[in-house]
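In: I need the structure of the sequence given here:
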Amino acid sequence: MKRTISPRHQLLLPAITLMAFALRLAYVLHSHPFIDEFTTVLAAKAILQHGLPVLPSGLFYEHGILFSYLDTPFVALASAAHLITIARVPSLIIGTAMTPLIYYIGRRWFSPWVGMGAAFLFAVSPEGMVWDGRARMYGLAQLLVLLLTFWVFSSTHGKHTARNRWLALGTLLLALLAHFGTLMFIPPLLAGWVVVWWLSRRKNADATPADSRVWLAQGIALIAIIGVGLLVKRLGQPLGMAQLGEPASVNPLIELWHTLSYQIGIALDGKSTVSFLARQFGVPHHLWLTIVSVAGGIVAIFGPRRKNVAYLFLWLVFGLTIVEMITLLEPFRRNPRYVVMGLPLFYLLAAQSVAVLGKKLSPVAGWSPIAVALLVTILQIPGIWKDVSIAYRTPEPPYDLALQFVAEQWQPTDIVTTVNPSAAALYLPRVDFFAQQHDAEQFLLNRDTAPVDRWLGLPWLSSTTDFNRILNENPRVWFIADEQRLTNFGFFGGDWLAMLNTQMEKVWSADGAVVYRTRTDRVPVPSAPDTPLDANFGGIIRLTGYSFNAETQPPQLTLFWQALAPIDADYTAFIHLRDAENNRVQQWDRQPLNGAYPTHLWHGGETIADPIAIALPADLPAGDYRFAIGLYRLDTLARLPLTNDTSGENAVFIPADFLP
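Out: Residues are numbered from 1 along each chain as shown. Sure, this is the predicted structure:
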């Protein structure tokens, strides 16, 4: 039956579409770039230069390849000052166009009011505002998943089922090129298609049977499209895989299977599942919609009327996708950003659920269905307002502004280290190192041989020792990062932070982004010990050597500790100054790096340079002095045993011959 809406009601759709545009435009103009937007722009620039999204590292950047090409003309027209803003325009256009499209599908499947309700929910969605305001592929994937769902459903019954299947197949190819994660919608869509086709078989009985050759061709096309998606993904060298054509790569079919299987893993983890569902459906603007959708689904399934196959189809597609995410996919897929691609389906489901409940409750409560819908809308508004405000006000680290500051201070001899090479490449003449101490494997190429970052092919700066060496060898070094990656993600240890705080100074910061530069008044920390040692404490910590710097005031003693194995306690170092009769003249008891990097956080094999200011009494008489050095637990005062100890004190003795 053809759905119509009065001209008066049709005025609502332009108003809702304008609202969607305004919210997204406000986000585009107000928000700092999301960290991955820089990579999208870098890929678009590569397309302008080479015709392919091949990054400076040599990596074929397939992630969102369709959006990268769509974004290329906008990047070409953008000035450096407005690069990210202009690169966001395609997402803004797509996100705005989604609103009338959702209305059209909701009107066609259910009713004009359901379409209007779903369009409104999408227009004011915080997720929609954020991802349609970023230069990323999620808005495009959202559009294509919605169209794919529409064409698949349209191919279950009617006069043009074969044509609609071809349209679905073409849309699927585009969706996989927009985001490989759309692959997870294929099993739910196939399941929904089978169920609805079965329920609609009587309607299909009078239709002209499809030619078996058409079915065969479409089956082959489906397999080929999935194969193309896998091949494009494999060209992007997923984590842990060698580049195709290298000796480390094997049979292409096996490689394609690995490309798929590395994202699949049965992981029934109740805690992470609850956390994921709470982040997606327990937030204020989704809580009432979730309750209503579940209640409406129960009423529709177990109630006396089961005629609306579109409602059932939506439930199967969206519901099975969520089930798939929490059972059959790797935990990294349990992220609300992947649900965003199916968010319009959820809003159509929620709007129809309101209509279903309205019809059921109106006779009982004496309300009209519209009154029920208004009640649900009123309940929803506080949550929408709260979450839109949070999304609008929560800043991303402004790497663009940080790097513009560095560019203004640039000198040809500068060395740049950063956790965000993609951004640095867009704003600086040169970038030297990808700096990330821990958990960097996901960002590396050739990680087992000569690790470099995936974007620019920069050397990986992974240890504080190497970082310190670069500081010592260059007149001025920059370090650009953000507070989240410095302190919350586990990417850097306390030894790196101590190096920043003592050898560098924070010269710029805003909204979490930070810029450090080499101190002009720093006391350099040696990169390696002047005097090597091999003092093994308890088989878990080794003192590998020490260095003196008598030219500073006070003099500096640098101890070099090495973690031999995981350490389950925090140890305190003692440094005793002894005279010729072994009397204790002075002592310094402290955790390494003044507690900035407790020993229980040390990683096996890493070396920690621990500088100690040796402040001596002004009236210290001349004589022969030495230091006694060891480790103990503060809670028990028990010293960590020293292998082959001859002192009886579990201490290493070194001469203090730098003293006057």
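
In: what about residue 596, distance to residue 646?
Out: 32 Å (Cβ to Cβ, to the nearest Å). Bear in mind the C-beta positions are built from the backbone N, C-alpha and C, glycine included.

In: So those two - more neighbours on which side?
Out: Between residue 596 and residue 646, counting by other Cβ atoms under 10 Å, residue 596 is the more crowded of the two (18 against 7).

In: Please verify my assumption that that one contacts residue 498.
Out: Yes. Judged on Cβ atoms under 8 Å, residue 596 makes contact with residue 498 at a distance of 4.3 Å.

In: Helix or strand next in line after the helix or strand of the chain with the lowest mean pLDDT, which one?
Out: Every helix and strand in the chain was compared by mean pLDDT, DSSP states H and E; the lowest is helix 252-261, with a mean of 56. Going down the chain from helix 252-261, the next helix or strand is helix 270-281, by DSSP states H and E.

In: helices or strands up against that next one?
Out: In terms of contacts (3 or more Cβ pairs under 8 Å, 6 or more residues apart in numbering; DSSP states H and E), helix 270-281 is packed against helix 284-302, helix 309-327, helix 336-339.

In: Leaving out chain neighbours, which residue sits closest to residue 383?
Out: Nearest non-adjacent residue to residue 383, counting by Cβ to Cβ, 6 or more residues apart in numbering: residue 284, 3.0 Å away.

In: so who does that neighbour touch?
Out: Counting by Cβ atoms under 8 Å, 6 or more residues apart in numbering, residue 284 touches 382, 383, 384, 386, 387.

In: Out of those residues, which sit inside helices?
Out: 382, 383, 384, 386, 387 (DSSP state H).

In: Poorly predicted segments of the chain, please.
Out: Scanning the chain for pLDDT under 70 picks out the ranges 1-9, 201-210, 239-269, 300-307, 330-333, 361-376, 658-660.

In: What are the structural domain limits within it?
Out: Taking automatic domain parsing as the reference, the chain has its domains at 218-263, 399-518, 531-655.

In: Indicate which one of those is closest to residue 65.
Out: Closest approach to residue 65 among these (Cβ to Cβ): domain 218-263, 6.5 Å.

In: Quick one: neighbours of the nearest residue to residue 429 once chain neighbours are set aside, just the number.
Out: Distances taken as Cβ to Cβ, 6+ apart put residue 410 closest to residue 429, at 6.5 Å, once the chain neighbours are dropped. Using other Cβ under 10 Å, the number of residues around residue 410 comes to 15.

In: same check, this time on the one 10 residues further on
Out: Taking other Cβ under 10 Å as the criterion, the count of residues near residue 420 is 26.

In: Show the contacting residues for residue 380.
Out: Here residue 380 is in contact with 121, 285, 288, 289 (Cβ under 8 Å, 6+ apart).

In: that older thread, show me which of the contacts of residue 284 are buried.
Out: The neighbour count (16 or more other Cβ atoms under 10 Å) marks 383, 384, 387 as buried among the contacts of residue 284.

In: and which of those residues is nearest residue 483?
Out: For the buried ones among the contacts of residue 284, with residue 483 as the reference and Cβ to Cβ as the criterion, the closest is residue 387, at 23.2 Å.

In: Could you report the distance from the closest one to residue 290?
Out: As defined by Cβ to Cβ, residue 387 lies at a distance of 14 Å from residue 290.

In: How about residue 220?
Out: 40 Å.

In: The two: which is more packed in?
Out: Neighbour totals were compared for residue 220 and residue 290, and residue 290 leads with 18 against 10 (other Cβ under 10 Å).

In: what's the burial count for the residue nearest to residue 580 when sequence neighbours are not counted?
Out: The shortest distance from residue 580 to any non-neighbouring residue, by Cβ to Cβ, 6+ apart, is to residue 624 (4.4 Å). For residue 624, the count of nearby residues is 12 (other Cβ under 10 Å).

In: Could you measure from residue 624 over to residue 652?
Out: Distance from residue 624 to residue 652, by Cβ to Cβ: 17 Å.
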